[in-house]
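>>> sequence first, predicted coordinates after that:
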Amino acid sequence: MTTIKKIGIIGAGQMGSGITQVCAQAGYDVVLSDISEAALEKSLAGISRNFDRQIQKGKLSETDKTAALSRIVTGTDLSIFGDCDLVVEAATENEALKRDLLKKLVPHLKPEALIATNTSSISITRLAAATDRPAKFMGMHFMNPVPVMQLVELIRGIATDEPTFEAIKELTLAIGKTAAVAEDFPAFIVNRILLPMINEAVYTLYEGVGGVDAIDTALKLGANHPMGPLELADFIGLDTCLAVMQVLYEGLADSKYRPCPLLVKYVEAGWIGKKYGRGFYDYSQTPPVPTR
Ligand SMILES: NC(=O)c1ccc[n+]([C@@H]2O[C@H](COP(=O)([O-])OP(=O)(O)OC[C@H]3O[C@@H](n4cnc5c(N)ncnc54)[C@H](O)[C@@H]3O)[C@@H](O)[C@H]2O)c1
């Protein structure tokens, strides 16, 4: 079984940043890459702020913060992954982009290096087939925000071998997370259940059954959800929500997964949620203001 010491992460967005933070904090050397220098800078600043918050709460020392940050190296070139034991792909939820990225990645890796993808929905088996090592490839689906959420879904592709599964399961436990094993079906377990609920909330808004505030208040107080579904959609990213619904709709060939036209329109408008500053809420004001 591969011993994982150095971890590469591709994509310095919300998820890649969170995965970097928890791995560095657990003592792993981390190499983080993105096509955007600005994303890398924003990611490191966010990680540092999160560490400061932990220090204020007495959960982390300054020395531990300095040590964790010193374990993180960033760059825009895939050659920085040359000595990684595992690379976790956490780039944008788009199959063509991920396949292209994986094809370009593999020539830079050690032959024994493992690859995991943090995809929310896309077939692990199909992504594995874009690499030279489907046996050493699997899904490692973290939840958002990674430092807070306990779960990691582990998904084998059809070719994933047991040593790969065991090494990644061991890593999941070593970074303090709990694993749930899912089969390689569209959107796995969490998003197979969660995203149709969010999509239904958008339909409820689209049909005028309730406004943004009424829908979120209803689910928070009526179903005891910690966040309303529209607030949660903004937090996940409406582009990611739409991409997952499209994978469910096409992958399961069932009209019940049809993405709500209003969700499609918001993404077309570029109103992709909190990370953009506007989604079902407008985040330029505090507290955020419902847009409908
Ligand atoms: N947002 C969530 O709640 C959530 C939860 C679990 C899993 N995921 C999955 O994690 C992945 C990333 O999602 P996110 O929310 O962090 O998205 P995000 O939009 O915050 O970040 C994506 C990052 O990928 C980078 N990127 C795009 N193409 C790239 C390339 N070719 N090479 C390197 N970097 C590239 C972008 O510059 C961006 O910084 C997706 O597959 C998503 O489905 C998201």
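Now that the structure is in, tell me what you want to look at.

>>> Lys274 contacts Tyr283, doesn't it?
Yes: at 5.8 Å, Lys274 counts as touching Tyr283 under the criterion of C-beta atoms under 8 Å. From N, CA and C alone the C-beta is placed, and that goes for glycine too.

>>> contact partners for Cys23?
Counting by C-beta atoms under 8 Å, 6 or more residues apart in numbering, Cys23 makes contact with Ile7, Ile9, Val30, Ile175.

>>> these two touch, right, the first one and Val31?
Yes: Ile7 is in contact with Val31 according to C-beta under 8 Å; the separation is 7.3 Å.

>>> re earlier: which two from the contacts of Cys23 end up farthest apart in space?
Using C-beta to C-beta, the contacts of Cys23 reach their maximum pairwise distance at Ile9 and Ile175, which is 12.5 Å.

>>> ok, the two, which is more surrounded?
Neighbours per residue (other C-beta atoms under 10 Å) separate Ile9 from Ile175, with Ile9 holding more: 31 against 18.

>>> what's the burial count for the closest residue in space to Gly228 that isn't next to it in sequence?
Leaving out its chain neighbours, the residue that sits closest to Gly228 by C-beta to C-beta, 6 or more residues apart in numbering is Asp216, at 2.3 Å. For Asp216, the neighbour count with other C-beta under 10 Å is 24.

>>> who's more crowded, Lys274 and Tyr283?
The residue with more neighbours, out of Lys274 and Tyr283, is Lys274; 19 against 16, by other C-beta under 10 Å.

>>> and the residue of the stretch 1-150 of the chain found nearest the ligand, how many neighbours?
Proximity of the stretch 1-150 of the chain to the ligand (C-beta to the nearest ligand atom) peaks at Gly13, 1.7 Å away. When neighbours are defined as other C-beta under 10 Å, Gly13 has 18 of them.

>>> from Gly46, how far off is it?
10 Å (C-beta to C-beta, to the nearest Å).

>>> can you check Phe81 too?
With C-beta to C-beta as the criterion, Phe81 and Gly46 are 22 Å apart.

>>> neighbour count: the two, which is higher?
Counted by other C-beta under 10 Å, Phe81 and Gly46 do not tie: Phe81 has more neighbours, with 24 against 16.

>>> spatially, what comes nearest to that one if we skip its sequence neighbours?
Leaving aside its chain neighbours, Phe81 sits nearest to Gly8 (4.1 Å; criterion: C-beta to C-beta, 6+ apart).

>>> which element is the one you found on?
strand 6-10 (DSSP states H and E).

>>> which residues are contacting that strand?
Outside strand 6-10, the residues touching it (C-beta under 8 Å, 6+ apart) are 16, 19-20, 23, 28-34, 78, 80-81, 83-91, 101, 105, 171.

>>> can I have the buried ones of those residues as a PyMOL selection?
Filtering these down to the buried ones (16 or more other C-beta atoms under 10 Å) takes a single PyMOL command:
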select buried, resi 16+19+20+23+28+29+30+31+32+33+34+78+80+81+84+85+86+87+88+89+90+91+101+105+171
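
>>> beyond whichever strand or helix holds the residue nearest to Gly228, next helix or strand please.
Here Asp216 sits within helix 212-222, counting by DSSP H and E. Later in the chain than helix 212-222, the nearest helix or strand by DSSP H and E is helix 229-236.

>>> OK, contacts around the residue of the stretch 1-150 of the chain closest to the ligand?
Contacts of Gly13 were listed using C-beta under 8 Å, 6+ apart, and they are Asp34, Ala39, Ser43, Ala90, Ala91, Thr92, Lys275.

>>> the first one contacts Ala12, doesn't it?
It refers to Asp34. Yes: between Asp34 and Ala12 there is a contact at 3.9 Å, judged by C-beta under 8 Å.

>>> tell me the residues that contact both of these two, please.
Applying C-beta under 8 Å, 6+ apart, one finds that Asp34 and Ala12 are jointly contacted by Leu40, Ser43, Thr74.

>>> which other helices and strands contact the strand or helix carrying the second one?
Mapping Ser43 onto the secondary structure by DSSP H and E places it in helix 37-56. Other helices and strands packing on helix 37-56, by 3 or more C-beta pairs under 8 Å, 6 or more residues apart in numbering; DSSP states H and E, are helix 14-25, strand 29-33, helix 62-70, strand 72-75.

>>> and with 7 Å instead?
The elements that helix 37-56 packs onto, with contact taken as 3 or more C-beta pairs under 7 Å, 6 or more residues apart in numbering; DSSP states H and E, are helix 14-25, helix 62-70.

>>> so of these, which one's packed in deepest?
Across these, the average number of neighbours (mean count of other C-beta atoms under 10 Å) peaks for helix 14-25, which reaches a mean of 24.
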